[in-house]
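S.K.: Using only what follows, build the 3D model:
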Amino acid sequence: MDIIKERYEISIERIREIQKEGAVKAPFADFFNKNAALLEQIDGVYRMVQSGTYGTLSMEELEEINQSLYEELIKENYEKSYANPAYAVEQLGETYGALLCYLHVGNRRLIRNAVKQETERMVLQMELFIEIYNYFEELDDVEEKDIFETMYSYEKDNTEIFVDQQVDAIINPNNDYYTKIVMESDLEDLRYLYRYGEHIGDNERKMAQFLNGLSEEKIERIASTYTEGYRVGFVKAGKPLDQKETVQVRYYIGFERIVRKAIENFARMGLKPVIYAGGVVSTEVNPQYSFDHKNDQGLYLDKAYVKRSLEVRKQAFETRKKMAQGMAGPAVIEIFGETPFEPESKKEAISLSEEQQKLKVQYMNDAAQITQQYIKGEERSFTIIAFPIPEFGENYEEMFEETIRINTLDAEKYEKVQQKIIDTLDQAEYVRVVGRGENQTYMNVQLHPLKHPEKESNFENCVADVNIPLGEVFTSPQLTGTNGKLHVSQVYLNGLKFIDLEIDFEDGKIKSYTCGNFAEEGENKKYIQDNILFNHETLPIGEFAIGTNTTAYVIANKYDVVYKLPILIVEKMGPHFAVGDTCYSWEEDVPVFNPDGKEIIARDNEISILRKTDLSKAYFGCHTDITIPYDELGEITAVTEEGKEIVIIKEGRFVLEGTEFLNEPFEESKSFSE
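M.R.: Residues are numbered from 1 along each chain as shown. This is a model prediction of the structure:
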């Protein structure tokens, strides 16, 4: 460690000299001067934390430091930031713009490392910056290939460090930096927020203030819904939670009061928390910044890098085998209510070549297989719950209360009604889903044949456990015979808005697709290719479901936020189709039973079953739910082998006998509005 500290001091001293030297000519002088100033500023934070001074600063002082570190990413400033690939290329030229933009983003990531005192990671990035700077001291001699090769070597040569640290972070409870923030901080003193090293804005401050104002009883109720869902997930799946030692806790900054209570609940289950950097985040300063850099891997992604990265990942898990076996899975708190984001596609941003797209797919698949080998799917579970954030608007506190109500609906009541739907669906050969109005959806969903209907079912009766809130019945359809068009007027998927999304399926696999986000059809297709297909040539339908949480739908319409809700809630507000893996991926051989005792046999499809002959073709590493809201839904009809049609939903209302209860929120909303 002494050597690392010595390298750090040498590096920062060299960086301090850069602004004084004037050795680099225009247009690159401004870039290096600003980055040297940024690194000096980050060093200032590093030293304040090291000396203990950082912890004595006032709220105002901490806010000022945080704002100055992140102000270049704010929308109005981002247009003239070197973090913006369009600006970087405009100022520095096509030859060097993208490369130096990448370097600048790497420098920015040191903010978190400085606050956490992760000296080695800082040294490596600072030495890279200095090496690149040295090339530009003699501008006439610098060559693009030298810059590229230096950056490539940085990523590949440090893979062993980066990947090993990444694996350790997600399974090792001794990495307790964030756990200590949650459990040891005075949460009434909001200065604790600045110990994360992330951007702290209104959402984070107001969220923490709001939760501090709630009663202990309400906090316990919220946390218990979250942790009990996790526990029940293991019970229902027949998985032994008592053999697990850790739980991966993921949340947004500002939710610490809930997380503290949840950690106490998990402790009573015998679980220690694992909280890592990628699992605890703040709301984005500027989502365009993330969008611009989502393919930065394109700078160094090749076969050699993939091979080395997978080797290190395997070794990292192997040396932590017992620790990995003790991981029970993630418990996630998501958020919603952020201002809708429609990205701008920039030609200057780093993109993946066709070969790199295939490599990335291969890498993700192989990496998932390694994880599965050490953290077995059939032994782990998860839970996800979501809450609104202050950015939701003036009705934020009301919506938070409504969300608590949505998350705590009567599971027993829904379970009985959903069973009536399942009993009907189990009579069907296929299900027909048709849109109404301008919605052009027309899908025939082929179901698996039930050889023993008295003890088998195609659909799972899903109430509030791993997937909170309650309210859906779902299946993995048979691909052969599943055909048609899925159309949604607008939907948010993975944080991105899609307008007039259309996907055509043939035998359960995506055949063609388009949307209305961009004027150029090529851009629309690329947008879907990158953010729904994730660079796969096609994806199968992994899930078909009918959402039954009409209460959530009515509340969403009351506040006019149907399209701002997370898919976690939206998927319960109408029928949805998921493209990618099935809901049972990596766990297909584990028997699953409904409350009525029937086994759910639709755990495989024609793709996932390939795991028995060629594992590399069985999984895609993605599962994206696309929901048709009730007001765009014409009908859902179960069609039997004899041709009998049993209508479940007609014109957005449940018409199947025994499901009338699900229409009550619609009627209550109507009478209220009148």
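
S.K.: From here on, just use CA atoms for contacts and neighbour counts.
M.R.: Fine.

S.K.: Residues contacting whichever strand or helix holds residue 94, please?
M.R.: For residue 94, the element it lies in under DSSP states H and E is helix 85-108. With C-alpha atoms under 8 Å, 6 or more residues apart in numbering as the test, helix 85-108 has contacts from 27-28, 35, 38-39, 79-84, 125-126, 129, 144, 147-148, 292, 296, 346-350.

S.K.: Beyond it, next helix or strand please.
M.R.: Downstream of helix 85-108, the first helix or strand assigned by DSSP H and E is helix 110-116.

S.K.: what angle separates the very next helix or strand once past that next one from helix 85-108?
M.R.: Counting by DSSP H and E, the next helix or strand C-terminal to helix 110-116 is helix 119-136. If you take axes from the mean of the first three to the mean of the last three C-alpha atoms, to 10 degrees, helix 119-136 sits at 140 degrees to helix 85-108.

S.K.: got a list of what the residue nearest to the spatial centre of the chain touches?
M.R.: Centroid-nearest residue in the chain: residue 494, 6.5 Å away (criterion: C-alpha atoms, centre = their mean). Taking C-alpha under 8 Å, 6+ apart, we find residue 494 in contact with residue 531.

S.K.: Residue 163 now?
M.R.: With contacts defined as C-alpha under 8 Å, 6+ apart, residue 163 is in contact with 309, 312-313, 316.

S.K.: Those residues in helices, which ones?
M.R.: Per DSSP state H, helices hold the following members of the contacts of residue 163: 309, 312-313, 316.

S.K.: would you list these in TSV and tack on neighbour count, distance to residue 554 and pLDDT?
M.R.: Listed next are the ones in helices among the contacts of residue 163 as TSV, based on neighbours: other C-alpha atoms under 10 Å; distance: C-alpha to C-alpha, whole Å; pLDDT from 0 to 100:
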residue	neighbour count	distance to residue 554	pLDDT
309	21	47	96
312	19	49	97
313	21	46	97
316	19	48	97
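
S.K.: returning to what we had before: in terms of pLDDT, where does the residue nearest to the centre of the chain sit?
M.R.: pLDDT, residue 494: 78.

S.K.: Just give the number of residues close to residue 372.
M.R.: 15 (other C-alpha atoms under 10 Å).

S.K.: now do residue 48
M.R.: 17.

S.K.: Same check on residue 438?
M.R.: Neighbour count for residue 438, taken as other C-alpha under 10 Å: 10.

S.K.: cool, and residue 454?
M.R.: 10.

S.K.: nearest spatial neighbour of it, skipping sequence neighbours?
M.R.: residue 598 (7.6 Å; C-alpha to C-alpha, 6 or more residues apart in numbering).

S.K.: In contact with that neighbour, which residues are there?
M.R.: Residues in contact with residue 598, defined by C-alpha under 8 Å, 6+ apart, are 454-457.

S.K.: Can you select the buried ones from those in PyMOL?
M.R.: Buried residues among the contacts of residue 598 (16 or more other C-alpha atoms under 10 Å), as a PyMOL selection:
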select buried, resi 456+457
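
S.K.: from the contacts of residue 598, which two are the most distant?
M.R.: Maximum pairwise distance among these (C-alpha to C-alpha): 8.4 Å, between 454 and 457.

S.K.: List the contacts of the helix or strand containing residue 48.
M.R.: Element membership of residue 48 [criterion: DSSP H and E] is helix 28-51. With C-alpha under 8 Å, 6+ apart as the test, helix 28-51 has contacts from 12, 15-16, 18-19, 22-23, 54-55, 69, 82, 92, 104, 107-108, 110-111, 114-115, 117, 126, 133, 136.
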